[in-house]
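Asks: what's the 3D shape of this:
(2 chains)
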Amino acid sequence: MKIVVGLKQVPETTNVKINEKTKNIDRRGVSGVINKYDRNALQTALDIRDVVGGTVIAMSMGPNDFAVSLQEALSLGADEAVLLSDRAFGGADTLATGYVLAEAIKKIGGVDLVIMGQQSVDADTGQMGPIVAEMLGISQVTYADEIQPKSDNELRIKRYDDNIEQEIIAKTPLMLTTTGNAGKPEYVNVVEIKNSFEKPLTTWTSKDMPVDSNRLGQSGSPTVVRRIMSPEPKERAGKMLSTDATKAAEELAGILHEENLLAEED
Amino acid sequence: MDQLKTREEILLRMVKSFTENEVAPFDSEIDQTRSYVNNLLEKVHDAGFYSLVTPEEYGGAGFDGRTSAKVLNILAKGNASIAVTLEGHYKSVEQIVKYGNDKLKAKYLPQSADRIIAFPMTEPTGGSNPMGINSHAEKHGDSWIINGDKIMITNGGLAEIYCAMVKTAPTELSFFVVDQDMDGFEFGKQEKFLGLTGCPIGEILMDNIEVDEYHLLGKVGMGPEIGNSAHDDARVLMGAVLTGIMEHQLDIVSEYATQRKAMDTPIIELQTIQRKVADMTIAKETTKLLYQQAAIMKDSGQDYEQEAAMAKAHGSRAAVKSGDDALQILGGYGYSLEYPVEHLIRDARAMELAEGSVEKMRTEIALIEAKSRV
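Replies: You can find the predicted model right below:
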């Protein structure tokens, strides 16, 4: 099975800074890591490959320093990696990014399965997987929690949605997005890091794919970000009640009454 | 792509994640139970940490002194004991790399991926005074017969291979590599120390252990040089461990002092608290600069004895004082066994003694300094 895994390098910190001018994430001076859900996607791909055989290709779009995350994916067991990097790709929203990823997957050819994390922890849109699936014209299953290969071209997928457990048998070609429950990401082995440099990591620019320049970067991005703000941290609203059960019940009833949360007796 | 830089970045990303998930959550439990709970050692082994400094030609990762120190800095922020266990292993591997003959290296360096190596020097009659030891080796034909007991060994009982310092003549010190599979090798008692409680400290007993000539590290009489080299390597790494301890203290104090209020004001707004936090920050940063400077000098082939001694001498006292400041800021919580601050002081205190006392460090630092100026 030929599997492409989409990886995004995100800032290590949860304190994401936004460039006021461009409204994009300001990555300067912040070290990056692989988006945590994408680690689940990668591990899922590696697990499937180990059962049915095949190739795992890690793919990312971004500046040259994203290559570190692809190299990390190779250290974790991916067979090949492709970095999509070009000034023309800069400032892309999810639509323009999805377009480039889809074109790159078409260029690879014969891809059976595309796996991405359910969302990135910096932009949090959750749109990338579905956009790529639509652009490739293939089926998609989002928020997959458990994935087992059923045969060479079929997967058994479990997903939990609003307390409903769904089991889906899906045929390839297919796009999956994975939750934090899928796969069990392993640690890079200290010794394997150096061996990963023997695997191919290729960079493709806009010249390497038959892309429409109007659909790239900012010009291909219909999204307009009007305002970005960090949510104010909420003060804890909890109230401490007495440890004595009778007193605690009285206090709780009093609070519910004050807040008008109790129905009046007829 | 700069391959070395990328290798280091991928490694440090892993170490941070490993520390956050597998080490830090179990810090207090490791301290209280005196053991590496949650299969920590197995996980450390499986992630390849044992092979970090072992050269690539022997199956290791071959990372340099600066990177290995950074790794221990990060790990120690989660738990200092596991960082000291690896420190003891790394310095031992490094001495076999530096002084071992080809046959010795071929035998033990590939094993360093799976078996911890220790470096026993101390005996009841000699530690900082190495000529006071009684262990000895006698030559019999092509082999050596080793006798003697070693105490207070970092990883003693856990390690399976030991680079032991013995006398080969009344005033001649040498090192031999022995392992637990040899006839005449036994483990002695385990120490119960005040701090770094996760890291086993124990004895070995050597009773007529017979080894081939190639088990001699370096040459006969090179004991003092090899011992000093091991100390220097260990002291750089201890500077890194101490930096990690101080970073841990600062994390605890920063969270507490920004949330805890006195008269409706977070106590971090009070100058008396600010002064302590500032002193802790300066102590952490100076120790970090010292160990990194020593590691850079080591990697570039310069003499780093003085810098290594300064990293440990300054860092150990600074971390104890910084821990004391942290305890004072947290008040009763700092003094409670339920919070980690008190054990961080105990952990740091160990390093004023281990790998040469701070008094001995100061003698070395002073003599090197004076000599360089005369």
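
Asks: Pull out the buried residues from the strand or helix carrying residue B:322.
Replies: Assigned by DSSP states H and E, residue B:322 falls within helix B:305-330. Going by neighbour count (16 or more other Cβ atoms under 10 Å in any protein chain shown), the buried part of helix B:305-330 is B:305-327, B:329-330. Any C-beta I mention is one placed from the backbone N, CA and C, and that applies to glycine too.

Asks: And stretch B:167-180, by the same measure?
Replies: By neighbour count on 16+ other Cβ under 10 Å, the buried set for stretch B:167-180 is B:167-168, B:173-179.

Asks: pretty sure residue A:59 belongs to a helix, no?
Replies: No - assignment of residue A:59 by DSSP: H, G, I helix; E, B strand; the rest coil gives strand, placing it outside any helix.

Asks: Output the lowest mean pLDDT helix or strand found in chain B.
Replies: strand B:261-262 (a mean of 92; mean pLDDT, DSSP states H and E).

Asks: Leaving out chain neighbours, which residue sits closest to the residue of the stretch 251-374 of chain B found nearest chain A?
Replies: Closest approach between the stretch 251-374 of chain B and chain A, counting by Cβ to the nearest Cβ: residue B:259, at 10.5 Å. Of all residues not flanking residue B:259 in the chain, residue B:266 sits nearest, at 6.8 Å (Cβ to Cβ, 6 or more residues apart in numbering or on different chains).

Asks: Was I right to think the one you found contacts residue B:254?
Replies: No - Residue B:266 is beyond contact range of residue B:254, at 10.9 Å (criterion: Cβ atoms under 8 Å).

Asks: circling back to that earlier point, which helices and strands sit right next to the helix holding residue B:322?
Replies: On a contact count with 3 or more Cβ pairs under 8 Å, 6 or more residues apart in numbering or on different chains; DSSP states H and E, helix B:305-330 meets helix B:223-259, helix B:271-299, helix B:332-335, helix B:341-350, helix B:358-373.

Asks: would you list those helices in a markdown table and tack on mean neighbour count and mean pLDDT?
Replies: A markdown table is the format used below for the helices and strands packed on helix B:305-330 (neighbours: other Cβ atoms under 10 Å in any protein chain shown; pLDDT from 0 to 100):
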| stretch | mean neighbour count | mean pLDDT |
| --- | --- | --- |
| helix B:223-259 | 24 | 97 |
| helix B:271-299 | 19 | 98 |
| helix B:332-335 | 14 | 95 |
| helix B:341-350 | 23 | 97 |
| helix B:358-373 | 14 | 95 |
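
Asks: Can you lay out those helices as JSON lines showing distance to residue B:132?
Replies: Output for the helices and strands packed on helix B:305-330, formatted as JSON lines (distance: least, Cβ to Cβ, whole Å):
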{"stretch": "helix B:223-259", "distance to residue B:132": "13"}
{"stretch": "helix B:271-299", "distance to residue B:132": "28"}
{"stretch": "helix B:332-335", "distance to residue B:132": "39"}
{"stretch": "helix B:341-350", "distance to residue B:132": "22"}
{"stretch": "helix B:358-373", "distance to residue B:132": "14"}
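
Asks: Surely residue B:177 is within a helix?
Replies: No - secondary structure of residue B:177 (three-state DSSP): strand, not part of a helix.

Asks: from what I can see it touches residue B:108, true?
Replies: Yes - between residue B:177 and residue B:108 there is a contact at 6.2 Å, judged by Cβ under 8 Å.

Asks: burial of residue 205, as a residue count?
Replies: You didn't pick a chain, so chain A it is. Neighbourhood size, residue A:205 [other Cβ atoms under 10 Å in any protein chain shown]: 14.

Asks: Can you look at chain B instead?
Replies: Using other Cβ under 10 Å, residue B:205 is surrounded by 16 other residues.

Asks: ok, back up a step: quickly check: the least confident helix or strand of chain B near chain A or not.
Replies: No - under the criterion of Cβ under 8 Å from any Cβ of the partner chain, chain A is not reached by strand B:261-262; the shortest gap measures 12.7 Å.

Asks: And the helix or strand just after that strand, what does it pack against?
Replies: Next along the chain after strand B:261-262, taking DSSP H and E as the criterion, comes strand B:265-266. Under the contact definition 3+ Cβ pairs under 8 Å, 6+ apart, strand B:265-266 sits against helix B:223-259.

Asks: counting contacts, what elements does the helix it packs on pack onto?
Replies: The criterion is 3+ Cβ pairs under 8 Å, 6+ apart, and the helices and strands that helix B:223-259 contacts are helix B:65-78, helix B:80-99, strand B:161-169, strand B:172-179, strand B:265-266, helix B:271-299, helix B:305-330, helix B:341-350.

Asks: can you do 6 Å?
Replies: Where contact means 3 or more Cβ pairs under 6 Å, 6 or more residues apart in numbering or on different chains; DSSP states H and E, helix B:223-259 is packed against helix B:65-78, helix B:80-99, strand B:172-179, helix B:271-299, helix B:305-330, helix B:341-350.

Asks: Return the list of helices and strands in contact with the longest one.
Replies: Applying 3+ Cβ pairs under 6 Å, 6+ apart, we find helix B:271-299 packed against helix B:65-78, helix B:223-259, helix B:305-330.

Asks: Quick check: residue A:248 touching residue A:254?
Replies: No - the criterion here is Cβ atoms under 6 Å, and residue A:248 misses it with residue A:254 at 10.6 Å.

Asks: Chain A contacts on the stretch 1-150 of chain B?
Replies: Selection of the stretch 1-150 of chain B residues close to chain A by Cβ under 6 Å from any Cβ of the partner chain yields B:1, B:3, B:6-7, B:9-11, B:13-14, B:18, B:47-48, B:51-52, B:61.

Asks: low pLDDT regions in chain A?
Replies: By pLDDT under 70, the low-scoring segments of chain A are A:13-17, A:25, A:27-29, A:233-237, A:264-266.

Asks: State which helix of it is the longest.
Replies: Longest helix in chain A, counting residues (DSSP state H): helix A:36-52.

Asks: can you give me the offset of that helix from its chain's centre?
Replies: 13 Å (Cα atoms, centre = their mean, to the nearest Å).

Asks: May I have that helix exported as PDB, CA atoms only?
Replies: The C-alpha trace of helix A:36-52 is given here as PDB (Å, rounded to 0.1, in the frame of the first residue of the first chain):
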ATOM      1  CA  LYS A  36       0.600  16.100  17.700                       C
ATOM      2  CA  TYR A  37      -2.300  14.700  15.700                       C
ATOM      3  CA  ASP A  38       0.000  14.200  12.800                       C
ATOM      4  CA  ARG A  39       2.200  12.000  15.000                       C
ATOM      5  CA  ASN A  40      -0.900   9.700  15.300                       C
ATOM      6  CA  ALA A  41      -1.400   9.900  11.600                       C
ATOM      7  CA  LEU A  42       2.200   8.900  11.000                       C
ATOM      8  CA  GLN A  43       2.100   6.000  13.500                       C
ATOM      9  CA  THR A  44      -1.100   4.800  11.900                       C
ATOM     10  CA  ALA A  45       0.500   4.700   8.500                       C
ATOM     11  CA  LEU A  46       3.600   2.900   9.800                       C
ATOM     12  CA  ASP A  47       1.400   0.300  11.600                       C
ATOM     13  CA  ILE A  48      -0.600  -0.300   8.400                       C
ATOM     14  CA  ARG A  49       2.600  -0.600   6.300                       C
ATOM     15  CA  ASP A  50       4.000  -3.100   8.800                       C
ATOM     16  CA  VAL A  51       1.000  -5.300   8.300                       C
ATOM     17  CA  VAL A  52       0.200  -5.100   4.600                       C
END
